[in-house]
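Undergrad: What follows is a predicted protein model with its sequence.
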Amino acid sequence: MSLDDSSADQPLTVLDSGHDSSSHLVQFYENDAYLVDSVSRIIGNGLADDEGAIIIATDSHREAIAGRLQTRGLDISALCRQGRLLILDAGETLAKMSLDDYPNAARFEDLIAAAITKTNAASPRHFTRAFGEMVALLWAEGKRDAALRLEALWNGLNQRMSFSLVCGYPLNSFSTALDGDYLVKVCAEHSHVIPAESYAALTNLDERQRSITYLQQKAQLLETEVAMRKQVEASLRSKVTELAEADRRKNEFLAMLGHELRNPLSAVLNAITAADLDESRRDRAIDIARRQTAQLARLVDDLLDVARITQGRIALRKATVGVVDIVEQAVEQTRAAAEARQQRLVIIAPPESRGIRVDVDSARMQQVISNLIQNASKFTPARGRIEVTVRRQGADVAVRVRDTGIGIAPEMLPRIFDLFAQGDVAMDRSQGGLGIGLTLVKQLVKMHGGRVEARSEGLGAGSEFEISLPIVGDPVKDKPLENAAATQGSSRVLIVEDNADAAESMHMLLELLGHQVRVAPDGFVALDILAENTFDVIIVDIGLPAMDGYTLAGHIRALPAAGNIRLVALTGYGQDEDRRRALAAGFDHHIVKPVDIDRLQALLADRSTAAN
């Protein structure tokens, strides 16, 4: 574009409106040649009109602007000597006025105010036209807030001194959705905004109005696309968060699965080995193995049920049955376990409820109610109360299982039925289970066309689970293990284990191997025993209630005779990190359940073995 093109004179109408009128313009440009043309005209006209000028630009722009001014017949050297023209390097000037890469107000005043004072004093009209590229440098470095701060400093100075400023920004530096908001802020810092050359080149009003219309339509399309992208990004972020949480719960579930499987397996293995070594203890060992095998079977059944439901491979055998009959069967199935925990389990079923019939798979619905009762029993203390209530609610029947237990935390309540989801799980895992029972409940109830809800006022306030169903009509024989290694000497052994069967089976086994054995159900009892007795080996279950095995190990290592004690961690947690943590806590050995009897006997027989 030539210097004489009238279409390029838009900035001049503002700057030439009066020498006592300060202004702050922003010039957007698409290529450097246009910027050089525009700035050269602004600065050249001012110098020709006896004004002062300041050019703060990059190397290439300083040289190009100076060259254009010389082609207009201006003596650059003479103007600089007179003090009417100052040409400064943008990068160096920016560095001098910045503190910690941010424009400093005091340094800005020292540099820029002094420069304007000098050019105003040297010019007959006492007015200066300035061009600055420092904001563009900050913008190119991604320092958006610093650039806006510099614009604000220029505005403050503009109110107190006689000068007009033109800032230049390349339009392609506003190329992202985020830059759209910043563009509005940049324009707000200026008294006049001059568009880039593709608009300024339009020579008549009709062309400019058409261009504005096209640009508005493009802007609307971009805003729509940005809004859609934001929605997609938000959805993706939500999915990523959900997947990460699901993965975390899965990993926690797998760790708990390993723990829950190892505990009964350890007790079974110990019982079988004890029975093999001493025929007189066979009946007791078989009882232990039977109970623990039943626990394993329940765990496996739950896992298989979850898999079958997830894959849609469960077929319901529905029949019309009385709902109270199902509830009574479920209560009888779980009553013994509740009574063993000294809990009161009651049914509240008004006489009219006995006529309520539902179309269900009796075995599956009994499983659902039993799961809820068992869940209530797990988390209800001794002498607590569990109520199973049957009530008609319009066209549905509601079966509620309410307890006086530990309750449910508010943040856990919305996902209590999620697969792999569990509340805070203590190290002791004293309640047992995999945390998938409630998932089974929800899926089975849903398959019956019903719904299930959980309610709780929070921790310590008990909980209530309600099932709603539509009313119909009117109201292997194990292979023996080889004998363990022969006893090479008797050791005094203390077993610290809260699982009664596991502790008793280990007790029997070690006594049969010739060792002197005592058992403590938790860490506090163990410390009481250690206060009056001496042991060669202490076998500690890591997941103890109240005081976990790591804490107990620390107390034991603080005892005067600790140097003569071999400390063995026996646990269902078998990851490398678990082993490292056990050794760091003071254990000499880390053994994963079910225990290798030969290895344990070797540790007991050779108490001088180095820690592994």
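TA: In hand now; what should we look at? Numbering: from 1, shown residues only.

Undergrad: Could I get the CA-only coordinates of stretch 556-563 as CSV?
TA: Extracted as CSV, the C-alpha positions of stretch 556-563 are listed here (Å, rounded to 0.1, in the frame of the first residue of the first chain):
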residue,chain,number,x,y,z
ILE,A,556,8.1,-54.2,70.2
ARG,A,557,11.4,-52.8,68.8
ALA,A,558,11.4,-50.3,71.7
LEU,A,559,11.5,-53.0,74.3
PRO,A,560,14.8,-53.7,76.1
ALA,A,561,14.9,-57.3,74.8
ALA,A,562,13.9,-56.4,71.3
GLY,A,563,17.4,-57.3,69.9
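
Undergrad: Tell me how many other residues surround Thr117.
TA: Around Thr117 there are 14 other residues, counting by other CB atoms under 10 Å. From N, CA and C alone the C-beta is placed, and that goes for glycine too.

Undergrad: hmm, who's touching the helix or strand harbouring His24?
TA: Element membership for His24 (DSSP states H and E) is strand 23-29. For strand 23-29, the surrounding residues in contact (CB atoms under 8 Å, 6 or more residues apart in numbering) are 11, 14-15, 35, 38-39, 151, 154-155, 158, 164-171, 186-187, 189-197.

Undergrad: likewise stretch 46-55?
TA: 15, 19, 39, 43, 62, 65-66, 69, 72, 74, 79, 83-88, 115-116, 119-120, 122-125, 127-132, 163.

Undergrad: how about a cut-off of 7 Å?
TA: 19, 43, 62, 65, 74, 79, 84-87, 115-116, 119-120, 122-125, 127-131 (CB atoms under 7 Å, 6 or more residues apart in numbering).

Undergrad: just stretch 334-345 next, same as before
TA: Taking CB under 7 Å, 6+ apart as the rule, stretch 334-345 contacts Val331, Ser370, Ile373, Gln374, Ser377, Thr380, Ala382, Arg383, Gly384, Arg385, Ile386.

Undergrad: Those residues: which two are farthest apart?
TA: Across the contacts of stretch 334-345, the longest distance by CB to CB is 21.9 Å; it joins Ser370 and Arg383.

Undergrad: between the two, who's got more neighbours?
TA: Ser370 (22 against 10).

Undergrad: Grab the nearest non-local neighbour of the more buried one.
TA: Among residues not flanking Ser370 along the chain, Ala330 sits closest, at 4.5 Å (CB to CB, 6 or more residues apart in numbering).

Undergrad: Does the one you found touch Val368 like I think?
TA: No: using CB atoms under 7 Å, Ala330 makes no contact with Val368, being 8.1 Å away.

Undergrad: Compare neighbour counts for these two and give me the winner.
TA: Taking other CB under 10 Å, Ala330 and Val368 do not tie; Val368 has more neighbours (29 against 24).

Undergrad: what residues are up against that one?
TA: Val368 neighbours (CB under 7 Å, 6+ apart): Val441, Leu444, Val445, Ile467.

Undergrad: Could you work out the most separated pair of the residues you listed?
TA: Going by CB to CB, the pair spanning those furthest: Leu444 and Ile467, at 9.7 Å.

Undergrad: Which helix runs longest in the protein?
TA: Longest helix in the chain by number of residues (criterion: DSSP state H): helix 205-277.

Undergrad: Please work out the average pLDDT along it.
TA: Averaging pLDDT along helix 205-277 gives 78.

Undergrad: How far away from the center of its chain is it?
TA: 10 Å (CA atoms, centre = their mean, to the nearest Å).

Undergrad: Packing partners of it?
TA: helix 282-310, helix 500-512 (3 or more CB pairs under 7 Å, 6 or more residues apart in numbering; DSSP states H and E).

Undergrad: so of the ones you listed, which one's packed in deepest?
TA: helix 500-512 (a mean of 22; mean count of other CB atoms under 10 Å).

Undergrad: Whichever helix or strand comes after that one: which residues count as buried?
TA: Next along the chain after helix 500-512, taking DSSP H and E as the criterion, comes strand 516-520. Across strand 516-520, burial judged by 16 or more other CB atoms under 10 Å covers Val517, Arg518, Val519, Ala520.

Undergrad: mind listing what the second one touches?
TA: For Arg518, the set of contacting residues under the criterion of CB under 7 Å, 6+ apart consists of Leu494, Ile529.

Undergrad: for the last one, same thing?
TA: Residues in contact with Ala520, defined by CB under 7 Å, 6+ apart, are Leu494, Val496, Ala526, Ile529.

Undergrad: Which ones among the residues you listed map onto helices?
TA: Ala526, Ile529.

Undergrad: Go through the contacts of Ala520 and say which is closest to Pro350.
TA: The closest of the contacts of Ala520, once distances to Pro350 are taken by CB to CB, is Val496, at 50.0 Å.

Undergrad: right, and the closest one touches Val537 too?
TA: No: the criterion here is CB under 7 Å, and Val496 misses it with Val537 at 11.3 Å.

Undergrad: neighbour-wise, which of the two wins?
TA: Val496 (28 against 22).

Undergrad: Quick check: bridge partners of the more buried one?
TA: Ala520, Val540 (DSSP bridges).

Undergrad: tally of neighbours for the residue nearest to Ile288 when sequence neighbours are not counted?
TA: In space, and not counting its chain neighbours, Ile288 is closest to Ala271: 4.2 Å by CB to CB, 6+ apart. Using other CB under 10 Å, Ala271 has 30 other residues around it.

Undergrad: wait, Ala271 sits on Arg290?
TA: No: with contacts counted by CB under 7 Å, Ala271 stays clear of Arg290, the gap being 9.1 Å.

Undergrad: Domain parsing of this protein, as residue ranges.
TA: The record's domain parsing of the chain by automatic domain parsing lists 6-201, 230-308, 315-470, 492-605.

Undergrad: For those, give me a markdown table that also has distance to Leu222.
TA: Formatted as a markdown table, the domains of the chain follow (distance: least, CB to CB, whole Å):
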| stretch | distance to Leu222 |
| --- | --- |
| domain 6-201 | 8 |
| domain 230-308 | 12 |
| domain 315-470 | 38 |
| domain 492-605 | 50 |
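
Undergrad: In terms of mean pLDDT, which of those domains ranks lowest?
TA: domain 230-308 - the lowest mean pLDDT of the domains of the chain, at a mean of 77.
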